[in-house]
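Trainee: pasting the sequence and the predicted coordinates here, then a few questions.
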Amino acid sequence: KQEVTQIPAALSVPEGENLVLNCSFTDSAIYNLQWFRQDPGKGLTSLLLIQSSQREQTSGRLNASLDKSSGRSTLYIAASQPGDSATYLCAVMDNYGQNFVFGPGTRLSVLP
Amino acid sequence: DAGITQSPRYKITETGRQVTLMCHQTWSHSYMFWYRQDLGHGLRLIYYSAAADITDKGEVPDGYVVSRSKTENFPLTLESATRSQTSVYFCASISNVLNNYGYTFGSGTRLTVV
């Protein structure tokens, strides 16, 4: 059974810092991995999607990498801003395309 | 507006009552999903549907019923609500699970069973 973990569970940084969020999964047989952002009391907003054949994806100040063989993905946020404060979740889709398993999330606070 | 909408946003119901959560999407996406989000458990899949009239169980289906008579709608029914079903419920859709665009989520329904 696929299990997804995220480290750290919570992170607090001053504005302007670069930071890395980590996601690990136990079964490397995935089809893709997606990073989401969730604001308090809100739904999930898709940030980046990485197919299993890709190594990384970039969108603005966000860069996500994928090392399928080691079961790891990282989300790099450059020059963090208070507006980046949210919970970040990663999710992996199995090769059958039938289930998306979510990690517990990393709660990020960027202090002005 | 185009997108995926859930209703109601908030619902309080009594134990034993039947309650239905609605999900509507305007993209004609093939796949739709219901998740529940709980502290300590993260997001867990309840049911999903690959197309109209095709549904399948996810990780935590007990106590829930779904139907999909039309592509755009995917209601989730709690036949006899229990306190353990107090949660935030999210609906999601995707045009094809193997596409390049990933999931789109609704804003959620916060359900409290008293």
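Mentor: Yep, it's here.
Trainee: which intervals of the chain have sub-threshold pLDDT?
Mentor: All of this refers to chain A. Counting by pLDDT under 70, chain A contains low-confidence ranges at A:96-98.
Trainee: you answered for a different chain; I wanted chain B.
Mentor: B:1-2, B:96-101.
Trainee: the longest strand in it is where?
Mentor: Scanning chain B for the strand with the most residues, using DSSP state E, yields strand B:42-51.
Trainee: contacting residues around it?
Mentor: A:89, A:91, A:98-100, A:102-105, B:30-38, B:55-61, B:64, B:66, B:68, B:71, B:74, B:76, B:89-90 (C-beta atoms under 8 Å, 6 or more residues apart in numbering or on different chains). For glycine as for every other residue, the C-beta is placed from the backbone atoms N, C-alpha and C.
Trainee: same question, stretch A:33-47
Mentor: With C-beta under 8 Å, 6+ apart, stretch A:33-47 has contacts from A:23, A:25, A:48-50, A:52, A:59, A:62, A:64, A:66, A:73, A:75, A:86-93, A:100, A:105, B:90, B:92, B:101-108.
Trainee: and the strands in the chain?
Mentor: Just going to use chain A. A:4-7, A:10-14, A:19-25, A:30-38, A:44-51, A:56-59, A:62-67, A:72-77, A:86-94, A:100-102, A:106-111.
Trainee: switch to chain B, that's the one I care about
Mentor: Using DSSP E, strands in chain B cover B:4-7, B:10-13, B:19-25, B:31-38, B:42-51, B:54-57, B:64-66, B:76-78, B:87-94, B:104-105, B:109-113.
Trainee: could you dump those strands to a markdown table with mean neighbour count?
Mentor: Supplementary listing: the strands of chain B in a markdown table, determined by neighbours: other C-beta atoms under 10 Å in any protein chain shown:
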| stretch | mean neighbour count |
| --- | --- |
| strand B:4-7 | 18 |
| strand B:10-13 | 14 |
| strand B:19-25 | 19 |
| strand B:31-38 | 23 |
| strand B:42-51 | 20 |
| strand B:54-57 | 14 |
| strand B:64-66 | 18 |
| strand B:76-78 | 19 |
| strand B:87-94 | 23 |
| strand B:104-105 | 20 |
| strand B:109-113 | 18 |
